[in-house]
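*Asks:* 3D model of this:
(one chain, ligands or ions: 1)
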Amino acid sequence: MGLRVGVIGVGYLGQHHARVLSEIPDVDMTGVYDSDQGRAHEVASRLRVRTHPSIASLVGECDAVSVVTPTMTHMPVIEEIFAIGKPHLFLEKPIADTLENAQRILDLTKKAGVILQIGHIERFNPGLEAILEARPKPAYIEAQRLSPFGLRGTDVPVVVDLMIHDIDIILTLVNSPIATMRVVGTPVITPHIDIANAWIEFENGCLAQVLGSRVSMEKLRKFRVFDREGRYFSLNFETRELSEARVTLAPGALPKIDRGKRVFEAEEPLKKELKSFVASILSRSPPKVTGEEGFRALQVALEVNRLAEESLKRFQQASTV
Ligand code: NAD
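*Replies:* Have a look, this model is predicted:
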């Protein structure tokens, strides 16, 4: 028998979790649960898997559960799961809506001794994997993640929903504490910050400039790294196109620039991510994105959002004087 896995929440993203898990050879898909039972039946019948009438029913038959409900519900759903059993957990990003709720999730999973993986899916992008393998020593990073407006994810600010992907990647690349942050941002359509621009300075001197928007006309996911050894990486997360350059300086000569471009194949990132979760459970090895890393990304994202709100307030006060 394979690893028994179920999915809680089969909306926009959760339906793909259920589909992908059904396709992984080591997995027995035990079914889905959604508080919207009509939605659960629709997805379950399409994928020919079972629908469970409650979280208790699903958890009772699972070794692992994937939680893909709205961010505000992550903590209460996980409390309900752990009141019933101790399954390994795949939890979509962001880990939670507040640091208190994120800490509670870490405490519950640690006490149960289970694997917790957070859904920072960009870590599975082959272009980013290539950058991480090159072990750059970043001096300057520029990240842009822009999306047209849609209702999904608007229960939290854009920094916590979208920019958090780049924050997680930057914290993974730059191995140094944050020294200072300066942020500007504003709500445009929702009551939360919808567009923000953050300047993050690290103690080792690296500077990251990060733009996140959910009110853009076009979708854009770009990431550039300039490192201290004259290397440059420019990644388009969507097309998986990675441009690289290396500058060699010799006394008395013009700078020599070697350039290259790689386009990586399109293996579904969600499949790589969930396969990696299953492999981590079967080998009892740490997941590629731990709960602590999810917590760390949320901590910085919430602070970026707080600074954006603070700068907006200052601007509004100044303009009414
Ligand atoms: P969605 O609103 O489309 O789907 C959520 C589903 O959960 C709905 O079907 C809803 O009925 C169900 N639900 C709500 N409360 C529930 C509860 N208490 N118990 C069981 N089911 C419940 O949302 P979505 O866009 O699929 O997002 C879900 C999560 O996935 C969010 O945390 C979001 O941040 C994350 N997400 C991550 C990425 C990524 O790039 N990794 C992309 C999109 C969404």
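*Asks:* CA only for contacts and neighbour counts going forward, please
*Replies:* OK.
*Asks:* Now the residue most central in space within the chain. Nearest residue, chain neighbours left out?
*Replies:* Nearest to the mean C-alpha position of the chain, by C-alpha atoms, centre = their mean, lies His120 at 2.7 Å. Leaving out its chain neighbours, the residue that sits closest to His120 by C-alpha to C-alpha, 6 or more residues apart in numbering is Lys93, at 5.9 Å.
*Asks:* Also Ile131?
*Replies:* Spatial nearest neighbour of Ile131, chain neighbours left out: Phe233 (7.1 Å); criterion: C-alpha to C-alpha, 6+ apart.
*Asks:* For burial, what's the neighbour tally of the one you found?
*Replies:* 24 (other C-alpha atoms under 10 Å).
*Asks:* what about it, which SS state?
*Replies:* strand (DSSP: H, G, I helix; E, B strand; the rest coil).
*Asks:* That one and Asp227: what is the separation?
*Replies:* Separation of Phe233 from Asp227 (C-alpha to C-alpha, to the nearest Å): 8 Å.
*Asks:* Helix or strand: which one has the most far-flung residue of the chain relative to its centre?
*Replies:* Counting by C-alpha atoms, centre = their mean, the extreme residue of the chain relative to its mean C-alpha position is Gly252, 46.0 Å from that point. Gly252 is part of no helix or strand when elements are defined by DSSP states H and E.
*Asks:* OK, contacts around the one residue in the stretch 201-321 of the chain that gets nearest to the ligand?
*Replies:* Closest to the ligand within the stretch 201-321 of the chain is Leu270: 8.3 Å, counting by C-alpha to the nearest ligand atom. Leu270 sits next to 17, 20, 121 when contact means C-alpha atoms under 8 Å, 6 or more residues apart in numbering.
*Asks:* Leaving out the residues flanking it, which one is nearest to the second one?
*Replies:* Nearest residue to Val20, sequence neighbours excluded (C-alpha to C-alpha, 6+ apart): Lys271, at 5.9 Å.
*Asks:* Now do the one you found: how many residues are near it, please.
*Replies:* Neighbours of Lys271 (other C-alpha under 10 Å): 19.
*Asks:* That one sits in which helix or strand?
*Replies:* Going by DSSP H and E, Lys271 is part of helix 269-282.
*Asks:* residue ranges of the strands in the stretch 1-150 of the chain, please?
*Replies:* Ranges of strands in the stretch 1-150 of the chain, per DSSP state E, counting those that start in this stretch, are 3-8, 27-33, 64-67, 88-91, 116-118, 138-146.
*Asks:* now do the stretch 151-300 of the chain
*Replies:* Counting by DSSP E, counting those that start in this stretch, the strands of the stretch 151-300 of the chain are 178-186, 195-202, 207-213, 220-227, 231-236, 241-248, 256-263.
*Asks:* Out of those, which one sits most buried?
*Replies:* Stretch with highest mean neighbour count among the strands of the stretch 151-300 of the chain: strand 207-213 (a mean of 24; mean count of other C-alpha atoms under 10 Å).
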